[in-house]
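Peer 1: mind folding the following:
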Amino acid sequence: MGALVALLVGALGTAAWLTGDALLLSRSVNEGRIVADMAETVGRWASQYGGVHARTQGASAGLPGSFLTRSVYAGTDEDAGFLQGSRSERRHDERGAMERVEAYHWKNPALIQREVADTLLASGSRAQYRLTARTVLNRNNAPNAFEIEALDALQSAFQRTGGASVQPTPSAAALPLAQPKAGQEYWKVEGGHLLYARAVVAQSSCLRCHDTPEKAPEFLRVNQQFNGGGGFGYKAGQPVGLISVKLPVATSANLLRDSVPVAAWGALAVALVAGLGVIYLGVGGRSRAQG
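Peer 2: Residues are numbered from 1 along each chain as shown. Okay, here's the model as predicted:
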């Protein structure tokens, strides 16, 4: 009888433990989806305006990160005259005009998404994301091993079924997770982190820069920042890259360790000892009654 009770308690405890881990992992996958949603929302917001321009003032102002094109304006006709040198003998006024000059640096939606990702990384946020593709304009955006794996899986699913569900390989995760969206996402757990990827499907607007090298705007062809050797050949409606998310995965052990105070552990230990004592006395009394 005692052995059966112990077996029951152990089975219930194990089931509760595994269920807790599965629920925590499912929550992490949903968190990955939320981060990917945020990245997509940033891109959609910027797309409403065809990208945005970052303004700087003064000829000595630093560059506002990466940008595609730059336009420089003088605030007044008089300032424009100074900058063109037509009144260069008035050095003081010329210096003032240089300080008032405005520059507008154009950032397209992909650059804005990347800069938000860089800001998250610099802030030490527990959730990180980046945009990548099989071939890239900027070498800094080249895919890592997991991202290549995800690109292969998502592309294979798209070609095979036109968007059927993509499941992780058996070795990718030991516990069951929430059902992925049909053919759009891929994930696995590695080194205590959830690695989550969502497919990016090319839109017609993407072809302005990513159709063929010959059709690409001049600012891409001449800018050394975009000499990554790829990033072309996009087709509207086809998966061309992905949003890659990385965040830590909580486990039941970590949650109990970090959330349950020492006093509560002591109370649980006392309750366990008392429970075992009750079982022992109950089994002993039953044995004596039968004897």
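Peer 1: and the helices in the stretch 151-291 of the chain, which stretches?
Peer 2: Applying DSSP state H, counting those that start in this stretch to the stretch 151-291 of the chain gives helices spanning 207-210, 218-222, 252-259, 262-290.
Peer 1: pLDDT on the shortest one, on average?
Peer 2: Along helix 207-210, the predicted local confidence has a mean pLDDT of 80.
Peer 1: ditto for stretch 104-112
Peer 2: Taken as a whole, stretch 104-112 has an average pLDDT of 89.
Peer 1: with stretch 32-47 instead?
Peer 2: Averaged over stretch 32-47, pLDDT sits at 91.
Peer 1: again, but for stretch 227-240
Peer 2: What stretch 227-240 shows for mean pLDDT is 79.
Peer 1: show me the contact partners of it.
Peer 2: With contacts defined as C-beta atoms under 8 Å, 6 or more residues apart in numbering, stretch 227-240 is touched by 133-139, 141-142, 154-155, 158, 199-204, 206-207, 209-213, 216. To be clear about C-beta, it is placed using only N, CA and C from the backbone, and glycine gets the same treatment.
Peer 1: just the buried residues from the residues you listed, in ChimeraX please.
Peer 2: In ChimeraX, this line selects whichever of these come out buried by 16 or more other C-beta atoms under 10 Å:
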select :133,134,135,136,137,138,141,142,154,155,158,199,200,201,202,206,207,209,210,211,216
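Peer 1: how far away is residue 220 from residue 212?
Peer 2: 11 Å (C-beta to C-beta, to the nearest Å).
Peer 1: whoops, residue 115 was the one
Peer 2: Counting by C-beta to C-beta, the gap from residue 115 to residue 212 is 27 Å.
Peer 1: same question for residue 196.
Peer 2: 31 Å.
Peer 1: what do you get for residue 30?
Peer 2: 39 Å.
Peer 1: show me the contacts for the spatially closest residue to residue 46 that is not a sequence neighbour.
Peer 2: Excluding the flanking residues, the one nearest residue 46 by C-beta to C-beta, 6 or more residues apart in numbering is residue 109, at 3.8 Å. Residue 109 makes contact with 42-44, 46-47, 51 under the criterion C-beta under 8 Å, 6+ apart.
Peer 1: can you select the buried ones among those for me in ChimeraX?
Peer 2: For anyone working in ChimeraX, the buried entries among those, judged by 16+ other C-beta under 10 Å, can be selected with:
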select :42,43,46,47,51
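Peer 1: these two touch, right, residue 246 and residue 195?
Peer 2: Yes: here residue 246 reaches residue 195: they are 5.9 Å apart, a contact under C-beta atoms under 8 Å.
Peer 1: higher neighbour count, the two?
Peer 2: residue 195 (24 against 19; other C-beta atoms under 10 Å).
Peer 1: quick check: the gap between that one and residue 133.
Peer 2: Taking C-beta to C-beta, one finds residue 195 at 17 Å from residue 133.
Peer 1: so what's residue 69 bridging to?
Peer 2: Residue 69 has the following beta-bridge partners by DSSP bridges: residue 106.
Peer 1: and it, how far from residue 214?
Peer 2: When residue 69 is compared with residue 214 (using C-beta to C-beta), they lie 19 Å apart.
Peer 1: more neighbours: which of these two?
Peer 2: Ranked by neighbour count (other C-beta under 10 Å), residue 69 and residue 214 place residue 69 first, with 15 against 7.
Peer 1: and the more buried one, what does it touch?
Peer 2: Neighbouring residues of residue 69 by C-beta under 8 Å, 6+ apart: 105-106, 219.
Peer 1: where does this protein dip in pLDDT?
Peer 2: Residue ranges of the chain with pLDDT under 70: 1-22, 75, 77-97, 161-183, 228, 251-291.
Peer 1: could you rerun that using 80?
Peer 2: Across the chain, the ranges flagged by pLDDT under 80 are 1-25, 58-60, 74-100, 159-183, 203-207, 219-230, 250-291.
Peer 1: quick one, strands of it?
Peer 2: Secondary structure of the chain, counting by DSSP state E: strands at 52-57, 69-73, 102-107, 128-133, 185-190, 193-201, 239-248.
Peer 1: could you export the ones you listed as a markdown table, including distance to residue 148?
Peer 2: Compiled in a markdown table, the strands of the chain are given as follows (distance: least, C-beta to C-beta, whole Å):
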| stretch | distance to residue 148 |
| --- | --- |
| strand 52-57 | 31 |
| strand 69-73 | 32 |
| strand 102-107 | 27 |
| strand 128-133 | 9 |
| strand 185-190 | 11 |
| strand 193-201 | 10 |
| strand 239-248 | 10 |
